[in-house]
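Trainee: Provided below are the primary sequence and the corresponding predicted coordinates.
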There are 4 protein chains.
Amino acid sequence: MHRNKQQTGRPRDTRVDAAITAAVIELLEEVGYTGLTVAAVAERAGIGKASIYRRYAGKHEMAFAAIIHGRTLEVPPDTGSLLGDLTALARVIVGHLTNPGAATALMSLLGEAAGDPALASRFTRTFVEPERAGNAELLERAVRRGELARMPDVDLFHAMFGGTVMSWLFICHHDPHDLPERLARFACAALLSTTTTPAISR
Amino acid sequence: MHRNKQQTGRPRDTRVDAAITAAVIELLEEVGYTGLTVAAVAERAGIGKASIYRRYAGKHEMAFAAIIHGRTLEVPPDTGSLLGDLTALARVIVGHLTNPGAATALMSLLGEAAGDPALASRFTRTFVEPERAGNAELLERAVRRGELARMPDVDLFHAMFGGTVMSWLFICHHDPHDLPERLARFACAALLSTTTTPAISR
Amino acid sequence: MHRNKQQTGRPRDTRVDAAITAAVIELLEEVGYTGLTVAAVAERAGIGKASIYRRYAGKHEMAFAAIIHGRTLEVPPDTGSLLGDLTALARVIVGHLTNPGAATALMSLLGEAAGDPALASRFTRTFVEPERAGNAELLERAVRRGELARMPDVDLFHAMFGGTVMSWLFICHHDPHDLPERLARFACAALLSTTTTPAISR
Amino acid sequence: MHRNKQQTGRPRDTRVDAAITAAVIELLEEVGYTGLTVAAVAERAGIGKASIYRRYAGKHEMAFAAIIHGRTLEVPPDTGSLLGDLTALARVIVGHLTNPGAATALMSLLGEAAGDPALASRFTRTFVEPERAGNAELLERAVRRGELARMPDVDLFHAMFGGTVMSWLFICHHDPHDLPERLARFACAALLSTTTTPAISR
DNA sequence: CATTAATCGAGACGGTACGTCTTGTCTTGCA
DNA sequence: TGCAAGACAAGACGTACCGTCTCGATTAATG
């Protein structure tokens, strides 16, 4: 962010950082991203507004930092089959996106990012890239297992898998309870079908 | 919306509706959704703020109405093959979502809707449902053509197709130029593969 | 106002005039002059706003017309003495100004008139002049009676008598119950004292 | 007003108070009380609207504070005689009330106060009470001088003196040029006449 | 140990958008 | 034409929030 000029003077109080993050998460669940105010965060955290702006460039950064706090979408453990792995992955994503507060915040953040390239690129780097890497790892397992003849179009798979869950939940507002199975079966069919024959283009 | 109690008094001036929509669309391209101001819309449209708030409950509704104005994603004409139809559909969706202004507005609106069930349901009814119907029609063509043995999971296909484009553009920030072909090929493979064998469940 | 072009067409409905006046008086007592709105008057009177603006040039005129409706401060009957007449006059004025609604409206109207010469001159003509004439008549009675050697400074007396009541009630917020006697005694003393000796100037 | 809870935080900037007062006074003379706008005051003063609403409950309070700023009607110096003192006092009052802007503002404020007890009581405390005290002091000088046998009815005198000027100017719209002499002579006569004989009642 | 400099809570600051309200005019359809 | 209903343009109102800036008090590392 804008650290690294910290030679002398009173050091930052780490309890303040923790208090901010906690307050943001609480308030996001209570009032949503739009209803979130910096003043409210400061009050809930028992700190001053300046201590927030000393750490983050604005409301976006603050919310962003709090939302991604510890939310590394780790790859689910190997289930022995591609279909199983995909089902597990879908369950993880659904779990994350149905988490109240964080989910709506994420969507709002996405909206903000649509008009703020700097925020968008930070979002991509911290959130999207690791997820893509996780997806790639999962697909590589299937290749090693022999289920897939070769690596499929990872970018497309990645956009498709997460995008479908997002659309299902936030655009279509469908019930997510059997989505993981349906999505996994669909994606599995597509992957098997597109990788059995050698890639023609790309 | 909240009309149909309009027996008496001066009727709404349809030119006002048109002016609002036009002003919103213009301003969205100039300043984006976040920079959009109700006062600015009123000024640009040459109307009073009250005439906006008489029609819409707030900025969200106003932007929503303007964005979806005439944007009924009509089904692309029959190309003779499922792959062709899917490619055309993807092109239409990409075209809509890369339309400057409208896109960022849509994402922001989605963010708002995530915390506003009323807005969300209205969004679904006016935007999502017609799109789903269009997708269904396209798939029915393939069934009639004999390319698909039976109707696939329309809800899933619908969420997948649009969600993938959205994720590709606004989350992954990839270049959309060859997305239609890649997505269509992927989706086509999945559909063929999941419908050749009789449906096991569902 | 803007009457006298009433040759043809449907004649004005006199019940509308009555309804307006009644509604204004009611609302003045309920919400005061500042809280008075033309729309509220129209609704209460069961009429349309246009019917008000067809009669009065604005809120001021409407309130003004309603307030002065039948409030011609006629001179109290002869009590046989100047002191008695002055006490009676003071009682009448106090009675008018303590009338809830009308009083606060009058003050507000005065405030508006301070910045609106047209309103001010109309106010003077319809309200102030008749009152001055009444005061003069009362003083003439005292002259005829022989209590006063000659006519005192009527303009000053007029401004003083009404102004004192107004100030007492609306600036000092004193209890009006014994004001008539105190004011009458004071004024009587002044009048007797300034008229026994021949007028030096003026 | 509502201060004295100011232990911590950034203190109020007194230059802001001064800027508000100055801007209000300027604008009152330019556009009058009715034409006065909180936004215009803020802009003219080079401050934010919030800084006004942080200090005053609304337009009324703001105007009130600015109008009374430094307008303590100090007692005119001893002229050696009651008539002289009264003439001087009348001149001061006339001077204040003919001051453009402030005067019409005062009347408008009075109108508002007629329907707002809180504003009225504040008006009384800060504006009326000191004036009454000044009048009392002036009358005491006459008693000490021996011109008056005893203290007259101060409340009545106070209401009468100011009320007469107000009425003369804003209700009767008479020329104020010789008012001080006429009023002083009238009041002097009344005071002498009512205090030579011992008070009967009160 | 004293100095120093950045931290802390608190909250005022300039700016600006919001959504409501009111004013006075205009436009329907009915009588 | 008058009338009730209510839409219209204009713009002020008071609230809320943002991100910056003081204030006085605290707190570690440096000299």
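Mentor: Done, it's in.
Trainee: low pLDDT regions in chain A?
Mentor: The model of chain A has pLDDT under 70 over residues A:1-7, A:70-73, A:101, A:197-202.
Trainee: taking chain A, what residue is nearest to chain D?
Mentor: Relative to chain D, the nearest point of chain A is A:Gly48 (9.3 Å; CB to the nearest CB). In this view, the C-beta of every residue, glycine as well, is placed from N, C-alpha and C.
Trainee: over to the closest residue to A:Arg145 other than its chain neighbours: give its phi and psi.
Mentor: Nearest in space to A:Arg145, with sequence neighbours left out and distances taken as CB to CB, 6 or more residues apart in numbering or on different chains, is A:Leu82 at 7.3 Å. Here the main-chain torsion angles of A:Leu82 (degrees, to the nearest 10) amount to phi -60, psi -50.
Trainee: hmm, stretch A:44-59 touching DNA strand F?
Mentor: Yes - where contact is defined by CB under 7 Å from any atom of the strand, part of stretch A:44-59 touches DNA strand F, namely A:Lys49, A:Ala50, A:Tyr53, A:Gly58, A:Lys59.
Trainee: which parts of that stretch are buried?
Mentor: A:Arg44, A:Ala45, A:Ile47, A:Ser51, A:Ile52, A:Arg55, A:Tyr56, A:Lys59 (16 or more other CB atoms under 10 Å in any protein chain shown).
Trainee: and A:Cys102, what is it in contact with?
Mentor: One correction, residue A:102 is Ala, not Cys. When contacts are counted by CB atoms under 8 Å, 6 or more residues apart in numbering or on different chains, A:Ala102 touches A:Ile25, A:Leu28, A:Ile67, A:Arg71, A:His96.
Trainee: spatially, which two of the residues of stretch A:44-59 next to DNA strand F are the most separated?
Mentor: Using CB to CB, the pair of the residues of stretch A:44-59 next to DNA strand F lying farthest apart is A:Ala50 and A:Lys59, separated by 14.5 Å.
Trainee: returning to what we had before: mind checking which of the contacts of A:Ala102 are buried?
Mentor: Under a neighbour-count criterion of 16+ other CB under 10 Å, the subset of these counted as buried comprises A:Ile25, A:Leu28, A:Ile67, A:His96.
Trainee: out of those, which one sits closest to DNA strand E?
Mentor: DNA strand E has its nearest neighbour among the buried ones among the contacts of A:Ala102 in A:Ile25, at 17.2 Å by CB to the nearest atom of the strand.
Trainee: list the contacts of the host helix or strand of A:Leu83.
Mentor: Here A:Leu83 is covered by helix A:82-98, with elements defined by DSSP states H and E. Around helix A:82-98, the neighbours that count as contacts under CB under 8 Å, 6+ apart are A:71, A:73, A:75-79, A:102-103, A:106, A:135, A:138, A:141-142, A:145, A:147-148, A:161-162, A:165-166, A:169-170, A:176, A:179-181, A:183-185, A:187-188, A:191-192.
Trainee: and chain A, what are its domains?
Mentor: Annotated domains of chain A cover A:14-67, A:82-196 [automatic domain parsing].
Trainee: ok, the residue of chain A found nearest DNA strand E to B:Ala42 distance?
Mentor: Relative to DNA strand E, the nearest point of chain A is A:Gly9 (1.8 Å; CB to the nearest atom of the strand). Using CB to CB, to the nearest Å, A:Gly9 is found at 50 Å from B:Ala42.
Trainee: the two: who's more crowded?
Mentor: Ranked by neighbour count (other CB atoms under 10 Å in any protein chain shown), A:Gly9 and B:Ala42 place B:Ala42 first, with 19 against 7.
Trainee: touching, the more buried one and B:Gly48? I think so.
Mentor: Yes - when contacts are counted by CB atoms under 8 Å, B:Ala42 is listed as touching B:Gly48 (6.0 Å).
Trainee: what comes up buried for stretch A:149-162?
Mentor: A:Pro152, A:Asp153, A:Asp155, A:Leu156, A:Phe157, A:His158, A:Ala159, A:Met160, A:Phe161, A:Gly162.
Trainee: about what we covered before: would you show me how to pick out the buried ones of the contacts of helix A:82-98 in ChimeraX?
Mentor: Selecting just the buried residues from the contacts of helix A:82-98 in ChimeraX takes one command, with 16+ other CB under 10 Å as the test:
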select /A:73,75,76,102,103,106,135,138,141,142,147,148,161,162,165,166,169,170,176,179,180,181,183,184,185,187,188,191,192
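Trainee: check contacts around the residue positioned nearest the centre of chain A.
Mentor: Centroid-nearest residue in chain A, with CA atoms, centre = their mean: A:Phe127, separated by 5.1 Å. By CB under 8 Å, 6+ apart, the contact list for A:Phe127 reads A:Ile68.
Trainee: mind doing that once more with 6 Å?
Mentor: Contacts for A:Phe127 (CB atoms under 6 Å, 6 or more residues apart in numbering or on different chains) come out as none.
Trainee: distance of it from A:Leu179?
Mentor: If you measure A:Phe127 against A:Leu179 using CB to CB, the figure is 21 Å.
Trainee: what is the neighbour count of A:Asp175?
Mentor: Neighbours of A:Asp175 under the rule other CB under 10 Å: 9.
Trainee: mind checking the SS state of it?
Mentor: Classification of A:Asp175 using DSSP: H, G, I helix; E, B strand; the rest coil returns coil.
Trainee: burial count for A:Arg122?
Mentor: For A:Arg122, the tally of surrounding residues (other CB under 10 Å) stands at 17.
Trainee: do the same with A:Ala39
Mentor: Counted with other CB under 10 Å, the neighbours of A:Ala39 add up to 9.
Trainee: now A:Leu179: how far from A:Leu156?
Mentor: Spatial separation of A:Leu179 from A:Leu156 under the definition CB to CB is 19 Å.
Trainee: again, but for A:Ala42
Mentor: Separation of A:Ala42 from A:Leu156 (CB to CB): 43 Å.
Trainee: for A:Asp178, same thing?
Mentor: 24 Å.
Trainee: in what helix or strand does A:Arg55 lie?
Mentor: Secondary structure from DSSP H and E places A:Arg55 outside every helix and strand.
Trainee: wait, I meant A:Ala66
Mentor: Applying DSSP H and E as the criterion places A:Ala66 in helix A:59-67.
Trainee: other SSEs contacting the helix or strand containing A:Asp155?
Mentor: Assignment of secondary structure by DSSP H and E places A:Asp155 within helix A:154-166. Helices and strands in packing contact with helix A:154-166 are listed as helix A:82-98, helix A:129-145, helix B:154-166; criterion 3 or more CB pairs under 6 Å, 6 or more residues apart in numbering or on different chains; DSSP states H and E.
Trainee: in chain A, where's the longest helix?
Mentor: helix A:14-35 (DSSP state H).
Trainee: do that one and chain B meet at all?
Mentor: Yes - looking at helix A:14-35 against chain B by CB under 6 Å from any CB of the partner chain, the contacts come from A:Gly32.
Trainee: for chain A, which residues are neighbours of DNA strand E?
Mentor: Counting by CB under 7 Å from any atom of the strand, the residues of chain A near DNA strand E are A:6, A:8-13, A:16, A:19, A:42-43, A:45-51, A:54.
Trainee: cool, thanks, signing off.
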